[in-house]
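Asks: 3D model of this:
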Amino acid sequence: MNTRVPYHAHADGAPSWPLGTPCFDDRIGRTFRTVVLQPTSLCNLDCVYCYLPTRKRRYEMPPTVAEAAAASIAEQATEHGHEPTAEPVDVVWHGGEPTAMPILRFGERLQVFEDLRRTGQVRHAIQTNATLIDHAWCELFRDYRFEVGVSIDGPAAANLNRADWSGHPVFDRIMRGIGMLRRYQIPFSVICVVSPQTITAPEALMTFFDQLGCTQVGFNIEEYEGVNTRIPVDITAAETFWRSVLAHQIGHHRGTASRLPVREIDQLGAYLAQARNGRKEEWTKAKHDPIPTIAWNGDTVLMSPELLGIDAPEHHDFVVGNVLHQSLPTMLRRAHQVGYVRELLHGLDNCQASCAFFDFCRGAHAGNRYYEHGTFAATETAHCRNTRQALVNAFANTIKE
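Replies: Below is the predicted model of the structure:
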């Protein structure tokens, strides 16, 4: 089911919908809980499935951009009466590869957030390929209390899509970095990209991650997005994958070994628990985080970090402003006027009206809609089928057995 809503355009290029404009404030927050920062566009790896078009170029975030991002977080806290007990804003350092920035310059960027971090208004996180992690990086993670996420796709044979720019495998370098994290007793989670080559081996993946020492694993079934145009897996293979992961988890729960948390299964469990306790509406009516994502030069996109750096002239490359000239709260006050955000709102309305999985899913990720269908008004995507529908179906079939 791929639904597209037709629209006409104003002279300025903004869409004019034939029906009433859906309400931004019903679906998307005017405040952010997460900010993604790109300290550098450079990545030292050339993974086959990577969606980033600029990963071979070294552009670095100047101090002024980091300062503007910190000022935006402080502005939001002031406007909305920050309380010491409120959840901090997660500042997620993404890339490129964040650790490809020299550590001294990276540390300078962190300093502008220190007052916010020490007063509980900011919490740092990083997503890294771990190949460059050494003693100095571990000390920085420890000193600034980073939440660390590592990208690794399983045992050595599952990481053939991950190589450096010379085509050399990087599994041993990733494991060396993980070894450093474990040596410094720094907890880390894992994101595993499940490719068409590895989706048939869920037990091998789970066994590997059980032994890796991570605190959680999240499975990103390979998607069609950005400059990655490889054909994704089909829903039948995805459902078989999730059934095997669930069976593995159930087996561990019944045995003596501890169960490694799986991000997607825990999300489904949280939804079912709220529904069972009469609090389903809290889940279904929760607003989407706008996830402002700030490029090295201050350009900012909303709703999907995967939109950053993409050439899309019909949407002004998805840039809604530059944090050097406008604060994030200012951008969010006018976000309902942004063409692709309005398009997304119609897509979410269409999802809710037509999809039996909407209460749990609450709408496909914005980037997936655009990359698969060329419009944010589309509904079903491969991500929907493989990570939401297949998971729910696998769970339903498992509990029947």
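
Asks: surely residue 245 touches residue 262?
Replies: Yes - Residue 245 lies in contact with residue 262 (Cβ atoms under 8 Å); the separation is 6.2 Å. Yep, even glycine has a C-beta here, placed from its N, CA and C like the rest.

Asks: which residues do these two both contact?
Replies: Residues touching both residue 245 and residue 262 (Cβ atoms under 8 Å, 6 or more residues apart in numbering) are residue 219.

Asks: what segments of the chain are strands?
Replies: Using DSSP state E, the strands of the chain run over residues 8-9, 15-16, 34-37, 89-93, 122-128, 147-151, 188-194, 217-221, 293-294, 299-301, 321-322.

Asks: lowest average pLDDT across those?
Replies: Lowest mean pLDDT of those: strand 8-9, a mean of 30.

Asks: make a markdown table out of the strands of the chain and add mean neighbour count and distance to residue 161.
Replies: Formatted as a markdown table, the strands of the chain follow (neighbours: other Cβ atoms under 10 Å; distance: least, Cβ to Cβ, whole Å):
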| stretch | mean neighbour count | distance to residue 161 |
| --- | --- | --- |
| strand 8-9 | 10 | 39 |
| strand 15-16 | 14 | 37 |
| strand 34-37 | 22 | 23 |
| strand 89-93 | 22 | 23 |
| strand 122-128 | 21 | 17 |
| strand 147-151 | 21 | 11 |
| strand 188-194 | 22 | 7 |
| strand 217-221 | 22 | 12 |
| strand 293-294 | 26 | 24 |
| strand 299-301 | 25 | 26 |
| strand 321-322 | 18 | 34 |
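
Asks: where does this structure have its least confident helix or strand?
Replies: strand 8-9 (a mean of 30; mean pLDDT, DSSP states H and E).

Asks: hmm, back to that, any chance of the strands of the chain in JSON lines, plus distance to residue 370?
Replies: Putting those into JSON lines (distance: least, Cβ to Cβ, whole Å) gives the following:
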{"stretch": "strand 8-9", "distance to residue 370": "17"}
{"stretch": "strand 15-16", "distance to residue 370": "14"}
{"stretch": "strand 34-37", "distance to residue 370": "17"}
{"stretch": "strand 89-93", "distance to residue 370": "21"}
{"stretch": "strand 122-128", "distance to residue 370": "21"}
{"stretch": "strand 147-151", "distance to residue 370": "23"}
{"stretch": "strand 188-194", "distance to residue 370": "20"}
{"stretch": "strand 217-221", "distance to residue 370": "17"}
{"stretch": "strand 293-294", "distance to residue 370": "14"}
{"stretch": "strand 299-301", "distance to residue 370": "11"}
{"stretch": "strand 321-322", "distance to residue 370": "19"}
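
Asks: which one of those strands lies nearest to residue 26?
Replies: Among the strands of the chain, strand 15-16 comes nearest to residue 26, with 18.4 Å by Cβ to Cβ.

Asks: to residue 72, which of the strands of the chain lies closest?
Replies: strand 34-37 (7.7 Å).

Asks: packing partners for that closest one?
Replies: With contacts defined as 3 or more Cβ pairs under 8 Å, 6 or more residues apart in numbering; DSSP states H and E, strand 34-37 has these neighbours: helix 63-79, strand 89-93, strand 293-294.

Asks: now, of the ones you listed, which is deepest in the fold?
Replies: Highest mean neighbour count among the helices and strands packed on strand 34-37 (mean count of other Cβ atoms under 10 Å): strand 293-294, with a mean of 26.

Asks: and that one, which strands flank it?
Replies: Next to strand 293-294 in the sheet, as set by DSSP bridges, lie strand 34-37 (parallel), strand 299-301 (antiparallel).

Asks: quick one: contacts of it?
Replies: Contacts of strand 293-294 (Cβ under 8 Å, 6+ apart): 35-38, 65, 69, 94, 300-302, 304-305, 307-308, 323.

Asks: between these, which sits nearest residue 283?
Replies: Distances from residue 283 to those, taken by Cβ to Cβ, are shortest for residue 304, at 20.8 Å.

Asks: tell me who's in contact with the closest one.
Replies: By Cβ under 8 Å, 6+ apart, the neighbours of residue 304 are 291, 293, 365, 366, 367.

Asks: quick one: which of those is nearest residue 173?
Replies: For these, the nearest to residue 173 is residue 293 (27.0 Å; Cβ to Cβ).

Asks: ok, that closest one to residue 318 distance?
Replies: Between residue 293 and residue 318 the distance is 9 Å, computed by Cβ to Cβ, to the nearest Å.

Asks: what residues are shared contacts of those two?
Replies: Residues within reach of residue 293 and of residue 318 at once, by Cβ under 8 Å, 6+ apart, are 301, 302, 307, 308.

Asks: CSV for the helices and strands packed on strand 34-37, including distance to residue 159?
Replies: Formatted as CSV, those follow (distance: least, Cβ to Cβ, whole Å):
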stretch, distance to residue 159
helix 63-79, 32
strand 89-93, 23
strand 293-294, 26
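
Asks: where does pLDDT dip in the stretch 151-300 of the chain?
Replies: Where the stretch 151-300 of the chain drops to pLDDT under 70, the residues are 224-232, 252-258.

Asks: and the helices in it?
Replies: 171-183, 202-212, 235-254, 263-276, 280-284 (DSSP state H, counting those that start in this stretch).

Asks: can I get those in a markdown table including mean neighbour count and distance to residue 126?
Replies: Converted to a markdown table, the helices of the stretch 151-300 of the chain look like this (neighbours: other Cβ under 10 Å; distance: least, Cβ to Cβ, whole Å):
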| stretch | mean neighbour count | distance to residue 126 |
| --- | --- | --- |
| helix 171-183 | 18 | 11 |
| helix 202-212 | 17 | 18 |
| helix 235-254 | 17 | 26 |
| helix 263-276 | 15 | 17 |
| helix 280-284 | 14 | 28 |
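
Asks: let's have the ones you listed in a markdown table, adding distance to residue 125.
Replies: As requested, the helices of the stretch 151-300 of the chain are exported to a markdown table (distance: least, Cβ to Cβ, whole Å):
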| stretch | distance to residue 125 |
| --- | --- |
| helix 171-183 | 14 |
| helix 202-212 | 19 |
| helix 235-254 | 24 |
| helix 263-276 | 14 |
| helix 280-284 | 23 |
